[in-house]
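A.B. asks: Prediction below, plus the sequence it came from.
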Amino acid sequence: VIREELERRIALFDQLEDAKFGRFGAADWALCTAVFFVLPILVAWWVL
Amino acid sequence: MICLVTGSVIGVFLAVMGPALAGQRYGLETVDVTKPAFGQRGSRLLLLFYLINLIGWAGLILVMFGNGLRNILIGFGYEPGGWLVGAGVLLGMSLCFLLVTRGIHLMNITNAYVGPGLLLMTVGLLVLLLKNHGWQEIVDAEPLNPFDKPWLNYMIVMEMSIAAGISWWAGVGFLSRNTKTQRGAIYPELIQLGLGMGLVCSVALFSSLVVRSMDPTEWLIPIAGPFVGVLALIFVAVANISSSSISLFAAGLGLRHLRVFHIRPWWHLVLWALVPCLPFVFWPNELYGMGGNFLAYNGTLYAPVVGILFADYVFIRKQRLNLAAIFDDDPKAEYYYTKGFHWPALICLLIGQWIYFSLLDPLTYESSPAFLYLTASLPACVGPAVIYVIWLKLLPLERVWVPGEGGAEPRVSQPNI
(Lines give C-alpha, C1' and ligand atoms only; values in the text may rest on other atoms or scores of the structure.)
Protein backbone atom coordinates (compact mmCIF):
# COMPACT_ATOMS: atom_id res chain seq x y z
CA VAL A 1 0.00 0.00 0.00
CA ILE A 2 2.84 2.38 0.90
CA ARG A 3 4.60 1.62 -2.37
CA GLU A 4 1.50 2.20 -4.49
CA GLU A 5 0.68 5.43 -2.73
CA LEU A 6 4.28 6.62 -3.01
CA GLU A 7 4.43 5.79 -6.71
CA ARG A 8 1.10 7.53 -7.31
CA ARG A 9 2.30 10.71 -5.58
CA ILE A 10 5.67 10.68 -7.35
CA ALA A 11 3.93 10.23 -10.73
CA LEU A 12 1.73 13.24 -9.95
CA PHE A 13 4.73 15.25 -8.83
CA ASP A 14 6.80 14.37 -11.89
CA GLN A 15 4.03 15.69 -14.13
CA LEU A 16 4.20 19.14 -12.56
CA GLU A 17 6.10 21.69 -14.58
CA ASP A 18 8.80 23.94 -13.16
CA ALA A 19 6.54 26.96 -13.57
CA LYS A 20 4.33 25.55 -10.79
CA PHE A 21 7.17 26.16 -8.36
CA GLY A 22 8.03 29.65 -9.53
CA ARG A 23 11.03 30.51 -11.61
CA PHE A 24 14.52 30.86 -10.20
CA GLY A 25 16.47 31.71 -13.32
CA ALA A 26 19.92 32.87 -14.36
CA ALA A 27 19.20 36.44 -13.26
CA ASP A 28 18.28 35.22 -9.76
CA TRP A 29 21.46 33.15 -9.60
CA ALA A 30 23.58 36.09 -10.72
CA LEU A 31 21.91 38.47 -8.26
CA CYS A 32 22.19 36.09 -5.30
CA THR A 33 25.81 35.18 -6.06
CA ALA A 34 26.81 38.83 -6.49
CA VAL A 35 24.94 40.24 -3.47
CA PHE A 36 25.15 37.40 -0.98
CA PHE A 37 28.56 35.88 -1.79
CA VAL A 38 30.90 38.09 -3.83
CA LEU A 39 29.89 41.44 -2.29
CA PRO A 40 30.36 40.31 1.36
CA ILE A 41 33.82 38.98 0.52
CA LEU A 42 34.76 42.25 -1.19
CA VAL A 43 33.36 44.32 1.70
CA ALA A 44 35.28 42.26 4.25
CA TRP A 45 38.55 42.57 2.26
CA TRP A 46 38.04 46.30 1.74
CA VAL A 47 37.17 47.13 5.35
CA LEU A 48 39.63 44.80 7.06
CA MET B 1 30.30 43.98 13.04
CA ILE B 2 31.53 43.74 9.43
CA CYS B 3 32.84 40.22 10.12
CA LEU B 4 29.57 39.20 11.79
CA VAL B 5 27.37 40.39 8.94
CA THR B 6 29.51 39.35 5.97
CA GLY B 7 30.38 35.97 7.50
CA SER B 8 26.77 35.24 8.29
CA VAL B 9 25.60 36.15 4.77
CA ILE B 10 28.33 34.05 3.11
CA GLY B 11 27.59 31.06 5.36
CA VAL B 12 23.86 31.14 4.72
CA PHE B 13 24.43 31.54 0.96
CA LEU B 14 26.55 28.38 0.93
CA ALA B 15 24.07 26.44 3.06
CA VAL B 16 20.91 27.52 1.30
CA MET B 17 21.37 27.69 -2.46
CA GLY B 18 21.50 23.99 -3.34
CA PRO B 19 19.44 22.31 -0.59
CA ALA B 20 16.72 24.98 -0.47
CA LEU B 21 16.09 24.84 -4.23
CA ALA B 22 15.99 21.04 -4.15
CA GLY B 23 13.88 20.96 -0.99
CA GLN B 24 11.36 23.41 -2.42
CA ARG B 25 11.17 21.92 -5.93
CA TYR B 26 10.76 18.34 -4.74
CA GLY B 27 9.19 18.86 -1.29
CA LEU B 28 12.10 17.11 0.42
CA GLU B 29 13.49 17.17 3.94
CA THR B 30 17.18 18.05 4.33
CA VAL B 31 18.18 14.43 4.91
CA ASP B 32 16.43 13.32 1.70
CA VAL B 33 18.26 16.04 -0.23
CA THR B 34 21.58 14.44 0.76
CA LYS B 35 20.73 11.06 -0.82
CA PRO B 36 21.61 11.87 -4.46
CA ALA B 37 25.07 13.06 -3.44
CA PHE B 38 25.92 10.69 -0.59
CA GLY B 39 23.81 7.60 -1.32
CA GLN B 40 21.07 5.96 0.73
CA ARG B 41 23.34 4.72 3.51
CA GLY B 42 25.70 7.65 3.22
CA SER B 43 22.80 9.96 3.98
CA ARG B 44 22.15 8.01 7.19
CA LEU B 45 25.69 8.80 8.28
CA LEU B 46 24.91 12.47 7.76
CA LEU B 47 21.63 11.99 9.63
CA LEU B 48 23.61 11.43 12.83
CA PHE B 49 25.41 14.76 12.46
CA TYR B 50 22.16 16.41 11.38
CA LEU B 51 20.53 15.28 14.63
CA ILE B 52 23.52 16.44 16.69
CA ASN B 53 23.15 19.86 15.09
CA LEU B 54 19.43 20.19 15.71
CA ILE B 55 19.43 18.76 19.20
CA GLY B 56 22.58 20.70 20.13
CA TRP B 57 20.96 23.98 19.08
CA ALA B 58 17.75 23.06 20.92
CA GLY B 59 19.75 22.30 24.09
CA LEU B 60 21.72 25.57 23.93
CA ILE B 61 18.56 27.60 23.39
CA LEU B 62 16.83 25.82 26.27
CA VAL B 63 19.71 26.80 28.56
CA MET B 64 19.08 30.40 27.47
CA PHE B 65 15.44 29.81 28.42
CA GLY B 66 16.56 28.57 31.85
CA ASN B 67 18.92 31.53 32.30
CA GLY B 68 16.09 33.83 31.21
CA LEU B 69 13.77 32.43 33.91
CA ARG B 70 16.49 32.92 36.50
CA ASN B 71 17.05 36.53 35.44
CA ILE B 72 13.31 37.23 35.46
CA LEU B 73 13.21 36.13 39.12
CA ILE B 74 16.28 38.24 39.84
CA GLY B 75 14.43 41.14 38.19
CA PHE B 76 11.59 40.60 40.70
CA GLY B 77 14.06 40.74 43.59
CA TYR B 78 14.52 37.01 44.27
CA GLU B 79 17.90 35.28 44.47
CA PRO B 80 17.34 31.83 42.93
CA GLY B 81 20.10 29.23 43.02
CA GLY B 82 21.93 27.90 39.98
CA TRP B 83 19.69 24.81 40.03
CA LEU B 84 16.90 26.91 38.53
CA VAL B 85 18.64 26.97 35.13
CA GLY B 86 18.55 23.14 34.90
CA ALA B 87 14.95 23.11 36.12
CA GLY B 88 14.17 25.73 33.44
CA VAL B 89 15.68 23.47 30.78
CA LEU B 90 13.42 20.64 31.98
CA LEU B 91 10.39 22.93 31.91
CA GLY B 92 11.39 24.13 28.42
CA MET B 93 11.69 20.53 27.22
CA SER B 94 8.18 19.81 28.51
CA LEU B 95 6.75 22.91 26.78
CA CYS B 96 8.53 21.97 23.52
CA PHE B 97 7.08 18.47 23.75
CA LEU B 98 3.56 19.90 24.12
CA LEU B 99 4.07 22.32 21.24
CA VAL B 100 5.71 19.90 18.80
CA THR B 101 3.29 17.04 19.40
CA ARG B 102 0.42 19.35 18.48
CA GLY B 103 1.82 19.75 14.97
CA ILE B 104 3.15 22.36 12.62
CA HIS B 105 0.00 24.54 12.67
CA LEU B 106 0.42 25.67 16.27
CA MET B 107 4.12 26.36 15.64
CA ASN B 108 3.23 28.47 12.61
CA ILE B 109 0.86 30.56 14.75
CA THR B 110 3.50 31.02 17.48
CA ASN B 111 6.19 31.99 14.98
CA ALA B 112 3.93 34.50 13.26
CA TYR B 113 4.23 36.60 16.44
CA VAL B 114 7.68 35.59 17.64
CA GLY B 115 9.64 36.53 14.48
CA PRO B 116 8.36 40.10 14.06
CA GLY B 117 8.37 40.55 17.85
CA LEU B 118 12.05 39.66 18.08
CA LEU B 119 12.84 42.05 15.25
CA LEU B 120 11.02 44.89 17.02
CA MET B 121 12.74 44.04 20.27
CA THR B 122 16.17 44.11 18.63
CA VAL B 123 15.46 47.52 17.11
CA GLY B 124 14.22 48.74 20.51
CA LEU B 125 17.37 47.39 22.18
CA LEU B 126 19.56 49.19 19.64
CA VAL B 127 17.68 52.47 20.13
CA LEU B 128 18.06 52.22 23.93
CA LEU B 129 21.73 51.35 23.59
CA LEU B 130 22.41 54.35 21.39
CA LYS B 131 20.27 56.67 23.53
CA ASN B 132 21.64 55.64 26.93
CA HIS B 133 25.24 54.79 26.06
CA GLY B 134 25.96 56.30 22.64
CA TRP B 135 27.89 54.97 19.68
CA GLN B 136 31.23 56.24 20.99
CA GLU B 137 30.98 54.21 24.23
CA ILE B 138 30.28 51.08 22.16
CA VAL B 139 33.20 51.79 19.82
CA ASP B 140 35.56 52.54 22.71
CA ALA B 141 34.56 49.44 24.73
CA GLU B 142 37.31 46.89 25.35
CA PRO B 143 36.78 43.40 23.86
CA LEU B 144 35.48 40.86 26.38
CA ASN B 145 37.89 37.99 25.85
CA PRO B 146 40.27 38.75 22.98
CA PHE B 147 43.20 36.83 21.52
CA ASP B 148 46.59 38.54 21.44
CA LYS B 149 46.59 39.23 17.70
CA PRO B 150 43.86 41.69 16.56
CA TRP B 151 43.73 40.23 13.03
CA LEU B 152 43.15 36.75 14.47
CA ASN B 153 40.18 38.13 16.44
CA TYR B 154 38.57 39.41 13.27
CA MET B 155 39.09 36.16 11.44
CA ILE B 156 37.79 34.05 14.33
CA VAL B 157 34.61 36.16 14.32
CA MET B 158 34.37 35.79 10.55
CA GLU B 159 34.89 32.03 10.87
CA MET B 160 32.28 31.66 13.62
CA SER B 161 29.80 33.71 11.59
CA ILE B 162 30.31 31.61 8.47
CA ALA B 163 29.95 28.46 10.61
CA ALA B 164 26.75 29.82 12.19
CA GLY B 165 25.38 30.57 8.72
CA ILE B 166 26.31 27.13 7.46
CA SER B 167 24.72 25.50 10.49
CA TRP B 168 21.32 26.60 9.14
CA TRP B 169 21.80 23.75 6.64
CA ALA B 170 19.96 21.32 8.91
CA GLY B 171 16.80 23.45 8.90
CA VAL B 172 16.87 24.52 5.26
CA GLY B 173 14.83 21.62 3.90
CA PHE B 174 12.22 22.03 6.60
CA LEU B 175 11.88 25.76 5.89
CA SER B 176 11.99 25.67 2.10
CA ARG B 177 9.55 22.79 1.55
CA ASN B 178 6.87 24.86 3.27
CA THR B 179 7.19 27.69 0.74
CA LYS B 180 5.19 28.11 -2.47
CA THR B 181 7.85 29.32 -4.91
CA GLN B 182 11.59 28.92 -5.39
CA ARG B 183 12.16 32.64 -4.95
CA GLY B 184 10.01 32.46 -1.82
CA ALA B 185 12.37 29.81 -0.51
CA ILE B 186 15.66 31.51 -1.35
CA TYR B 187 15.37 35.27 -0.87
CA PRO B 188 13.74 35.30 2.60
CA GLU B 189 16.27 32.76 3.84
CA LEU B 190 19.23 34.76 2.53
CA ILE B 191 17.88 38.04 3.87
CA GLN B 192 16.51 36.87 7.21
CA LEU B 193 18.86 34.06 8.14
CA GLY B 194 21.94 35.68 6.62
CA LEU B 195 21.68 39.46 6.75
CA GLY B 196 19.10 39.49 9.57
CA MET B 197 21.11 37.14 11.78
CA GLY B 198 24.26 39.18 11.20
CA LEU B 199 22.56 42.43 12.18
CA VAL B 200 20.85 40.90 15.23
CA CYS B 201 24.21 39.44 16.31
CA SER B 202 25.74 42.91 15.91
CA VAL B 203 23.19 44.38 18.35
CA ALA B 204 24.01 41.49 20.67
CA LEU B 205 27.71 42.34 20.32
CA PHE B 206 27.05 45.99 21.25
CA SER B 207 24.94 44.91 24.25
CA SER B 208 27.57 42.48 25.51
CA LEU B 209 30.28 45.15 25.23
CA VAL B 210 28.23 47.64 27.24
CA VAL B 211 26.92 45.25 29.91
CA ARG B 212 30.22 43.28 29.97
CA SER B 213 28.51 39.89 29.82
CA MET B 214 28.31 37.22 27.13
CA ASP B 215 24.94 35.94 28.42
CA PRO B 216 22.10 37.52 26.33
CA THR B 217 19.60 37.16 29.17
CA GLU B 218 21.74 39.44 31.37
CA TRP B 219 21.58 42.41 28.99
CA LEU B 220 17.90 43.29 28.94
CA ILE B 221 17.30 44.54 32.49
CA PRO B 222 20.44 46.74 32.67
CA ILE B 223 19.72 48.24 29.23
CA ALA B 224 15.92 48.50 29.19
CA GLY B 225 15.22 48.93 32.92
CA PRO B 226 13.43 46.52 35.29
CA PHE B 227 9.88 46.71 33.89
CA VAL B 228 10.55 46.64 30.15
CA GLY B 229 13.54 44.37 30.72
CA VAL B 230 11.46 41.71 32.50
CA LEU B 231 8.74 41.93 29.84
CA ALA B 232 11.37 41.52 27.13
CA LEU B 233 12.89 38.56 29.00
CA ILE B 234 9.47 36.87 29.14
CA PHE B 235 9.10 37.41 25.39
CA VAL B 236 12.60 36.01 24.77
CA ALA B 237 11.69 32.98 26.88
CA VAL B 238 8.65 32.35 24.66
CA ALA B 239 10.82 32.84 21.57
CA ASN B 240 13.35 30.33 22.91
CA ILE B 241 10.65 27.69 23.26
CA SER B 242 9.45 28.43 19.74
CA SER B 243 12.98 28.12 18.26
CA SER B 244 13.76 24.92 20.16
CA SER B 245 10.44 23.46 19.04
CA ILE B 246 11.35 23.97 15.38
CA SER B 247 14.69 22.22 15.91
CA LEU B 248 13.00 19.35 17.72
CA PHE B 249 10.29 19.09 15.07
CA ALA B 250 12.94 18.75 12.36
CA ALA B 251 14.87 16.28 14.56
CA GLY B 252 11.72 14.18 14.95
CA LEU B 253 11.26 14.13 11.18
CA GLY B 254 14.91 13.15 10.85
CA LEU B 255 14.47 10.21 13.26
CA ARG B 256 11.72 8.93 10.98
CA HIS B 257 14.46 7.98 8.49
CA LEU B 258 15.70 5.28 10.87
CA ARG B 259 13.98 1.96 10.29
CA VAL B 260 13.34 1.42 14.02
CA PHE B 261 11.21 4.60 14.10
CA HIS B 262 9.29 4.09 10.83
CA ILE B 263 5.98 3.08 12.38
CA ARG B 264 6.30 4.79 15.77
CA PRO B 265 3.71 7.44 16.67
CA TRP B 266 4.85 11.06 16.33
CA TRP B 267 5.03 11.70 20.09
CA HIS B 268 7.51 8.81 20.46
CA LEU B 269 9.81 10.48 17.94
CA VAL B 270 9.58 13.82 19.73
CA LEU B 271 10.32 12.15 23.05
CA TRP B 272 13.38 10.41 21.60
CA ALA B 273 14.57 13.68 20.11
CA LEU B 274 14.35 15.21 23.60
CA VAL B 275 16.34 12.47 25.35
CA PRO B 276 19.77 13.77 24.18
CA CYS B 277 18.82 17.18 25.64
CA LEU B 278 18.79 15.72 29.18
CA PRO B 279 22.49 16.49 29.85
CA PHE B 280 21.55 20.17 29.50
CA VAL B 281 19.32 19.74 32.58
CA PHE B 282 22.22 18.55 34.73
CA TRP B 283 25.15 20.58 33.30
CA PRO B 284 23.48 23.59 31.67
CA ASN B 285 26.19 26.19 32.09
CA GLU B 286 29.08 23.82 31.38
CA LEU B 287 27.50 22.76 28.07
CA TYR B 288 26.46 26.33 27.25
CA GLY B 289 30.09 27.38 27.70
CA MET B 290 31.02 25.01 24.89
CA GLY B 291 28.79 26.88 22.43
CA GLY B 292 31.78 28.28 20.53
CA ASN B 293 33.22 24.80 20.04
CA PHE B 294 29.79 23.60 18.90
CA LEU B 295 29.76 26.33 16.25
CA ALA B 296 33.24 25.30 15.15
CA TYR B 297 32.06 21.69 14.95
CA ASN B 298 29.25 22.85 12.67
CA GLY B 299 31.79 24.53 10.42
CA THR B 300 34.08 21.50 10.47
CA LEU B 301 31.45 19.06 9.37
CA TYR B 302 28.85 21.02 7.49
CA ALA B 303 31.14 23.20 5.37
CA PRO B 304 32.19 20.25 3.17
CA VAL B 305 28.65 18.84 3.23
CA VAL B 306 27.00 22.02 1.94
CA GLY B 307 29.77 22.45 -0.66
CA ILE B 308 29.26 18.93 -2.00
CA LEU B 309 25.44 19.25 -1.95
CA PHE B 310 25.66 22.53 -3.87
CA ALA B 311 28.07 21.08 -6.45
CA ASP B 312 26.02 17.90 -6.86
CA TYR B 313 22.62 19.57 -7.28
CA VAL B 314 23.71 22.52 -9.40
CA PHE B 315 26.63 21.25 -11.49
CA ILE B 316 26.15 17.47 -11.65
CA ARG B 317 22.33 17.05 -11.60
CA LYS B 318 21.60 20.39 -13.28
CA GLN B 319 18.84 20.90 -10.67
CA ARG B 320 17.00 17.69 -11.59
CA LEU B 321 16.44 14.81 -9.14
CA ASN B 322 14.94 11.36 -9.52
CA LEU B 323 12.26 11.52 -6.85
CA ALA B 324 11.46 7.81 -6.98
CA ALA B 325 15.11 6.85 -6.42
CA ILE B 326 15.28 9.03 -3.29
CA PHE B 327 12.69 6.81 -1.60
CA ASP B 328 14.02 3.52 -2.95
CA ASP B 329 16.40 1.25 -1.00
CA ASP B 330 16.69 -1.23 -3.87
CA PRO B 331 20.40 -1.82 -4.68
CA LYS B 332 19.51 -1.22 -8.34
CA ALA B 333 18.07 2.23 -7.63
CA GLU B 334 19.90 5.24 -8.99
CA TYR B 335 20.97 6.66 -5.62
CA TYR B 336 22.05 3.39 -4.02
CA TYR B 337 25.52 3.45 -5.65
CA THR B 338 28.05 1.07 -4.03
CA LYS B 339 26.37 -0.74 -1.13
CA GLY B 340 24.41 2.41 -0.37
CA PHE B 341 27.41 4.78 -0.29
CA HIS B 342 28.56 7.27 -2.91
CA TRP B 343 32.28 7.17 -2.22
CA PRO B 344 33.36 10.25 -4.20
CA ALA B 345 31.14 12.43 -1.99
CA LEU B 346 32.28 10.75 1.22
CA ILE B 347 35.96 11.03 0.25
CA CYS B 348 35.46 14.71 -0.63
CA LEU B 349 33.82 15.15 2.79
CA LEU B 350 36.96 13.79 4.46
CA ILE B 351 39.15 16.02 2.29
CA GLY B 352 37.04 19.01 3.40
CA GLN B 353 37.52 18.11 7.04
CA TRP B 354 41.25 17.71 6.50
CA ILE B 355 41.33 21.18 4.92
CA TYR B 356 39.44 22.61 7.90
CA PHE B 357 41.66 21.02 10.54
CA SER B 358 44.84 21.99 8.67
CA LEU B 359 43.70 25.63 8.83
CA LEU B 360 42.12 25.80 12.30
CA ASP B 361 41.90 23.64 15.40
CA PRO B 362 38.25 24.15 16.44
CA LEU B 363 38.96 23.30 20.10
CA THR B 364 42.03 25.42 20.80
CA TYR B 365 41.63 27.96 17.93
CA GLU B 366 45.27 27.44 16.95
CA SER B 367 45.46 28.46 13.33
CA SER B 368 47.77 28.29 10.32
CA PRO B 369 48.93 31.53 8.61
CA ALA B 370 46.55 30.80 5.69
CA PHE B 371 43.57 30.92 8.06
CA LEU B 372 44.20 34.63 8.59
CA TYR B 373 43.30 35.26 4.94
CA LEU B 374 40.98 32.41 3.97
CA THR B 375 39.08 31.39 7.14
CA ALA B 376 38.63 27.62 7.55
CA SER B 377 34.98 27.02 6.60
CA LEU B 378 35.20 28.74 3.22
CA PRO B 379 38.05 26.60 1.81
CA ALA B 380 36.58 23.52 3.54
CA CYS B 381 33.37 24.18 1.59
CA VAL B 382 34.70 25.28 -1.80
CA GLY B 383 37.64 22.84 -1.96
CA PRO B 384 35.65 19.57 -1.73
CA ALA B 385 32.97 21.02 -4.05
CA VAL B 386 35.54 21.69 -6.77
CA ILE B 387 37.18 18.27 -6.32
CA TYR B 388 33.75 16.58 -6.43
CA VAL B 389 32.80 18.28 -9.69
CA ILE B 390 36.16 17.46 -11.33
CA TRP B 391 35.92 13.85 -10.10
CA LEU B 392 32.43 13.32 -11.56
CA LYS B 393 33.33 15.07 -14.80
CA LEU B 394 36.30 12.75 -15.25
CA LEU B 395 34.42 9.65 -14.04
CA PRO B 396 30.72 10.36 -14.78
CA LEU B 397 27.89 8.56 -13.00
CA GLU B 398 26.76 5.38 -14.75
CA ARG B 399 23.07 6.17 -14.58
CA VAL B 400 21.48 9.60 -14.50
CA TRP B 401 17.71 9.77 -14.79
CA VAL B 402 16.43 12.33 -17.28
CA PRO B 403 12.83 13.48 -16.82
CA GLY B 404 10.56 12.52 -19.69
CA GLU B 405 12.86 9.78 -20.96
CA GLY B 406 11.79 6.15 -20.78
CA GLY B 407 8.14 7.06 -20.43
CA ALA B 408 7.48 4.48 -17.69
CA GLU B 409 5.69 5.28 -14.43
CA PRO B 410 8.08 5.74 -11.48
CA ARG B 411 8.85 2.48 -9.72
CA VAL B 412 9.87 2.18 -6.07
CA SER B 413 10.95 -1.39 -5.37
CA GLN B 414 11.90 -1.04 -1.69
CA PRO B 415 10.29 2.07 -0.17
CA ASN B 416 12.34 3.53 2.68
CA ILE B 417 9.63 5.71 4.24
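C.D. replies: Here it is on my side, so go on. Model, not experiment: these values are computed from the prediction.

A.B. asks: interface residues of chain B facing chain A?
C.D. replies: B:2-3, B:5-7, B:9-10, B:12-14, B:17, B:21, B:24-27, B:151, B:154, B:158, B:180-184, B:186-187, B:190, B:194, B:323-324, B:327, B:403, B:409-412, B:415, B:417 (CB under 8 Å from any CB of the partner chain). All C-beta spots, glycine's among them, are computed from the backbone N, C-alpha and C.

A.B. asks: Pull out the buried members of those.
C.D. replies: B:2-3, B:5-7, B:9-10, B:12-14, B:17, B:21, B:24-27, B:154, B:158, B:182-184, B:186-187, B:190, B:194, B:323-324, B:327, B:410, B:412, B:415 (16 or more other CB atoms under 10 Å in any protein chain shown).

A.B. asks: Can you name the next helix or strand after the biggest helix by length in chain A?
C.D. replies: Across chain A, the longest stretch assigned as helix under DSSP state H is helix A:2-15. Moving toward the C-terminus from helix A:2-15, the next helix or strand (DSSP states H and E) is helix A:26-33.

A.B. asks: If you count neighbours, what's buried in the longest helix of chain A?
C.D. replies: A:6-7, A:10.

A.B. asks: and stretch B:11-25, how far out from the chain's middle?
C.D. replies: In terms of CA atoms, centre = their mean, to the nearest Å, the centre of stretch B:11-25 is found 13 Å from the chain centre.

A.B. asks: Who are the contact partners of whichever residue of the stretch 1-150 of chain B sits closest to chain A?
C.D. replies: Residue nearest to chain A within the stretch 1-150 of chain B (CB to the nearest CB): B:T6, separated by 3.7 Å. Contact analysis of B:T6 by CB atoms under 8 Å, 6 or more residues apart in numbering or on different chains lists A:40-41, A:43-44, B:158, B:161, B:198.

A.B. asks: That one: which element?
C.D. replies: B:T6 belongs to helix B:2-26, assigned by DSSP H and E.

A.B. asks: Next secondary structure element downstream of that helix?
C.D. replies: helix B:30-33.

A.B. asks: mean confidence for that following helix?
C.D. replies: Averaging pLDDT along helix B:30-33 gives 87.

A.B. asks: Other residues contacting it?
C.D. replies: With CB under 8 Å, 6+ apart as the criterion, helix B:30-33 contacts B:18-19, B:22-23, B:43, B:46-47, B:50, B:169-174, B:250, B:254, B:257, B:309, B:313, B:326-327.

A.B. asks: How about stretch B:349-358?
C.D. replies: So stretch B:349-358 is contacted by B:38, B:299-301, B:303-305, B:307-308, B:362, B:368, B:376-377, B:379-381, B:383-384, B:387 (CB under 8 Å, 6+ apart).

A.B. asks: when you check those against the helices, which ones overlap?
C.D. replies: B:38, B:299-301, B:303-305, B:307-308, B:377, B:379-381, B:383-384, B:387.

A.B. asks: which two of these lie the greatest distance from each other?
C.D. replies: Spatial extent of the ones in helices among the contacts of stretch B:349-358 (CB to CB) is set by the pair B:F38 and B:P379 at 20.7 Å.

A.B. asks: More neighbours: these two, which one.
C.D. replies: B:F38 (29 against 19; other CB atoms under 10 Å in any protein chain shown).

A.B. asks: isn't that one right up against B:L46?
C.D. replies: Yes: here B:F38 reaches B:L46: they are 6.1 Å apart, a contact under CB atoms under 8 Å.

A.B. asks: Check chain A for the residue nearest chain B and tell me.
C.D. replies: A:G22 (2.7 Å).

A.B. asks: Skipping adjacent residues, who's closest to that residue in space?
C.D. replies: B:T181 (2.7 Å; CB to CB, 6 or more residues apart in numbering or on different chains).

A.B. asks: Quick one: residues contacting that neighbour.
C.D. replies: Taking CB under 8 Å, 6+ apart as the test, what B:T181 contacts is A:21-22, B:24.

A.B. asks: what are the phi and psi values for the residue nearest the centre of chain A?
C.D. replies: Nearest to the mean C-alpha position of chain A, by CA atoms, centre = their mean, lies A:F24 at 6.2 Å. Per-residue torsions, A:F24: phi -130, psi 90 (degrees, to the nearest 10).

A.B. asks: pLDDT value on the closest residue to it other than its chain neighbours, please?
C.D. replies: Residue nearest to A:F24 in three dimensions, not counting chain neighbours: B:Q182, with 3.8 Å by CB to CB, 6+ apart. If you check B:Q182, the pLDDT there is 86.

A.B. asks: now do B:T338
C.D. replies: Looking at B:T338, the pLDDT reads 86.

A.B. asks: how about the residue nearest to A:G22, phi and psi?
C.D. replies: Torsion angles, degrees, to the nearest 10, at B:T181: phi -130, psi 160.

A.B. asks: before we move on, back to that, mark which of the contacts of stretch B:349-358 are buried, thanks.
C.D. replies: Buried among the contacts of stretch B:349-358 (16+ other CB under 10 Å): B:38, B:299-301, B:303-305, B:307-308, B:362, B:376-377, B:379-381, B:383-384, B:387.

A.B. asks: Could you list the residues of chain A in contact with chain B?
C.D. replies: So far as CB under 8 Å from any CB goes, chain A lies against chain B at A:2-3, A:6-7, A:10-11, A:13-14, A:18, A:21-24, A:28, A:32-33, A:36-37, A:40-41, A:43-44, A:47-48.
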